[in-house]
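Visitor: Compute the structure for the input listed below.
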Amino acid sequence: MTPLTHLAEGLDLNPLFTWPTSFKPATETAGGELELFSHAGIDLVHGWLVDPDSPEAVAMREEQTEDYDSAVALIAEADHIAGGLLVPHHGSGSATNTPGRGEGDWSDVERRKVRNALTIRHYLEQTQSQLTYHGLFHLASTLPAGSLVALFRSSHLSVLYKSEGVLQAIDDAGPTTTSSSEAPLDTPAPEPGNHGEGLENTTTPPNSSTPTPTPPHVQTPPLAEAHDSALYSLATDQVFLNEPSVVWERIEDVDGSAGVFVDSQFVQASPAGGDWAGRTAEDLARDIQREQEEEAARAGTGLSDHELARQLQAEEEHFAQREREQYRQQQQRDHDRRGAAEEERRQKELHARREKERRKQEGKKKDCIIM
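Guide: Next comes the predicted model:
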């Protein structure tokens, strides 16, 4: 029960970029907190996976930085080597005044470390949502259909569900549920200490068995509908409090701009507020009343039915466009706010690690004895 006392301030998770179910304890108490998921029978996953064939993966292999904390530590160390030129500094801290050696004075190891740190820093900056397309595809292909897991994303936990794909044929054969041949996520992950091979294991090994070819005379019936299995995240934002039809959001990309909201039956939602989710039924009633009053006022203008219909249609389209724009702006503000908070947290971590590295280097200089 001791780990429960640490949950009031949230979980400090340190994901590995090599496997969707691998996390390292970020603090001395985080190990016990991670065990709570195991005791509760809840799988904890993330999609912050690096493509094993990318330059970022090569840099991580060379520096043995397969998790977030070690990547940040590498950037802080490389920034100290470069004299504070690697990471933008805010304010006038003492670390910004630390003189650095010229690049010509760096050793081959230091030069490689700075180069790889730049590559890894770019990876962290480009994946601030803590979800990559490689990770998204890996989750979609390895999660068993119908499974519920806890997803770590944007420094928060959310409920992730993989739907069961159903294929509906035109003939009377009836719906057929697609069989899942994906490798389950509980496949043993690579040992964290094996840095040389860790980044190679996010790809499912090929099946050694040879599939039986379909005879030429056998034809697959055409499909009337094809519901591919998809990943859904539980919609818990405050804006959906008054939208009972919005239950899940289908994850289509890494930044949430193409997501589709569905109801509890995974049918595309029709919010009471129209295109702008979050409006209450009272808001909708007031809008309808206002439109009726405006229509009554226009009745005495002498417009023909066709002209009046065109005018009403134009006003309705303008109103819908305005509501869509307001919703997009709200989504962008929420995304920017989360990104700014994550960047501020990352900068604080870098500053703390840079200060620690600087004090360690100064301590080494004080310990030197000139004979």
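Visitor: Sketch out the low-pLDDT regions of the protein for me.
Guide: 1-10, 26-32, 88-104, 165-228, 271-286, 295, 297-305, 363-371 (pLDDT under 70).
Visitor: Helices of that one, start to end?
Guide: Under the criterion DSSP state H, the chain contains helices at 30-40, 55-63, 68-81, 108-126, 133-142, 281-298, 305-367.
Visitor: Which elements pack onto the first one?
Guide: Translated: helix 30-40. With contacts defined as 3 or more CB pairs under 8 Å, 6 or more residues apart in numbering; DSSP states H and E, the packing partners of helix 30-40 are strand 13-15, strand 23-25. Where you see a C-beta, it was placed from the backbone N, CA and C, and this is true even at glycine.
Visitor: Just say which of the ones you listed is most tucked in.
Guide: Sort the helices and strands packed on helix 30-40 by mean neighbour count, taking mean count of other CB atoms under 10 Å, and strand 13-15 sits at the top with a mean of 21.
Visitor: I'd like to know which elements that one is packed against.
Guide: Strand 13-15 packs on strand 23-25, helix 30-40, helix 68-81, going by 3+ CB pairs under 8 Å, 6+ apart.
Visitor: re earlier: now the helices and strands packed on helix 30-40 in TSV, with distance to Ser70?
Guide: TSV is the format used below for those (distance: least, CB to CB, whole Å):
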stretch	distance to Ser70
strand 13-15	9
strand 23-25	9
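Visitor: To Tyr68, which of these lies closest?
Guide: Comparing those by their distance to Tyr68 (CB to CB), the top pick is strand 13-15, with 5.4 Å.
Visitor: Residues touching that closest one, excluding its own?
Guide: The contact list for strand 13-15, computed with CB atoms under 8 Å, 6 or more residues apart in numbering, reads 22-26, 30, 34, 46, 48, 67-69, 130, 152.
Visitor: Go through those and name the one nearest Arg290.
Guide: Of these, the one sitting nearest to Arg290 (CB to CB) turns out to be Gln130, at 42.9 Å.
Visitor: how close does that closest one get to Ala140?
Guide: For Gln130, the distance to Ala140 equals 17 Å [CB to CB, to the nearest Å].
Visitor: Among these two, which residue is more densely surrounded?
Guide: Gln130 (21 against 16; other CB atoms under 10 Å).
Visitor: burial measure for the closest residue to that one other than its chain neighbours, as a count.
Guide: With sequence-adjacent residues excluded and distances taken as CB to CB, 6 or more residues apart in numbering, Gln130 is closest to Trp48, at 4.6 Å. Neighbour count of Trp48, defined by other CB under 10 Å: 22.
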